[in-house]
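Participant: From the sequence below, what's the structure:
(chains A and B)
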2 protein chains.
Amino acid sequence: MTLPAAAMMDVALDEARAGLAEGGIPIGAALFTADGVLLGRGRNRRVQRGDPSLHAEVDAFRAAGRQRDYRSTVMVTTLAPCWYCSGLVRQFNIGSLLVGESRTFTGGHDWLAANGISVTVLDDERCATMMAAFIAEHPDLWHEDIGLAP
Amino acid sequence: MTLPAAAMMDVALDEARAGLAEGGIPIGAALFTADGVLLGRGRNRRVQRGDPSLHAEVDAFRAAGRQRDYRSTVMVTTLAPCWYCSGLVRQFNIGSLLVGESRTFTGGHDWLAANGISVTVLDDERCATMMAAFIAEHPDLWHEDIGLAP
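Facilitator: Purely as a prediction, here's the structure:
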């Protein structure tokens, strides 16, 4: 990667912070080419748009528009991807996944690694602290976002 | 299920046909309650909206809006769900999956069954014929939709 992992994570983190400022769930993501060119960036918009399908990774993927080949792209996300977003990465053959942290949540990133995707977990303190604080303050909203019924 | 499987599949098939008429990829889906109440319906809108994230199941899930408990819901789709849409079903604990056909494509429905989701494949001739004809006519578009690079 031409762009350092930390610089790519900063873009995703900016998205997460923007989401938090809007009253949303603070998870951000971005899709880059292998050379570090930004294709799309996004954030969780469940609250902002009343849209449960817009997890951060999906929003970034959507923002990148139609692409013909994802094999050399890098999906960057502040939080370990859930099964929905892990399935996105696998189906579209996104080559690499860069995860901010998986302390507060773990979905399918090990499954992705087992299926040939290059997975890196930064264990970024900023991502973990923000997410842990959000979950402590808004457990119901967080559970809704990951499909955990009351 | 109060509503017969065939009646639920008809809703998804109507969506697929509407997509075909719009010049889109003919895959339709719908989300129902266990009692057969329609929560949301949708179709693949890659072509129509230039949005690669709108697979049919995601579009139907989105149309259903924010829900707190999916455990008794039924996701109905004309075509076996890809990994992206299978991940959606798993993450949100959607209880049942009703598939039109898996002859032309297979993603993660066996994986879902192994993870406790009730999966039924109707092998509906109408779904299979429409999809096979579309793939034969538009192989590039189809491959783009499932992330298969040239």
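
Participant: what's the residue in chain A positioned nearest to chain B sitting at in phi/psi?
Facilitator: Taking CB to the nearest CB, chain B has its nearest neighbour within chain A at residue A:87, 2.4 Å off. No exception for glycine: its C-beta is placed from N, CA and C like everyone else's. Dihedral pair for residue A:87: phi -60, psi -40, per degrees, to the nearest 10.

Participant: Next one: the spatially most central residue of chain A relative to residue B:130, how far apart?
Facilitator: By CA atoms, centre = their mean, chain A has its centre lying nearest to residue A:77, at 2.9 Å. With distances taken as CB to CB, to the nearest Å, residue A:77 is found 36 Å from residue B:130.

Participant: What of residue A:100?
Facilitator: If you go by CB to CB, the gap between residue A:100 and residue B:130 works out to 42 Å.

Participant: Packing partners of the longest helix along chain A?
Facilitator: In chain A, assigned by DSSP state H, the helix with the most residues is helix A:5-21. On a contact count with 3 or more CB pairs under 8 Å, 6 or more residues apart in numbering or on different chains; DSSP states H and E, helix A:5-21 meets strand A:28-32, strand A:38-43, helix A:56-63, strand A:74-79, strand A:96-101, helix A:125-137.

Participant: Export those as a markdown table, with columns for distance to residue B:54 and mean pLDDT.
Facilitator: Output for these, formatted as a markdown table (distance: least, CB to CB, whole Å; pLDDT from 0 to 100):
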| stretch | distance to residue B:54 | mean pLDDT |
| --- | --- | --- |
| strand A:28-32 | 16 | 98 |
| strand A:38-43 | 14 | 98 |
| helix A:56-63 | 8 | 98 |
| strand A:74-79 | 18 | 98 |
| strand A:96-101 | 22 | 98 |
| helix A:125-137 | 27 | 98 |
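
Participant: Need these in a markdown table (columns: distance to chain B).
Facilitator: Below are the helices and strands packed on helix A:5-21 laid out as a markdown table (distance: least, CB to the nearest CB, whole Å):
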| stretch | distance to chain B |
| --- | --- |
| strand A:28-32 | 11 |
| strand A:38-43 | 10 |
| helix A:56-63 | 4 |
| strand A:74-79 | 12 |
| strand A:96-101 | 14 |
| helix A:125-137 | 17 |
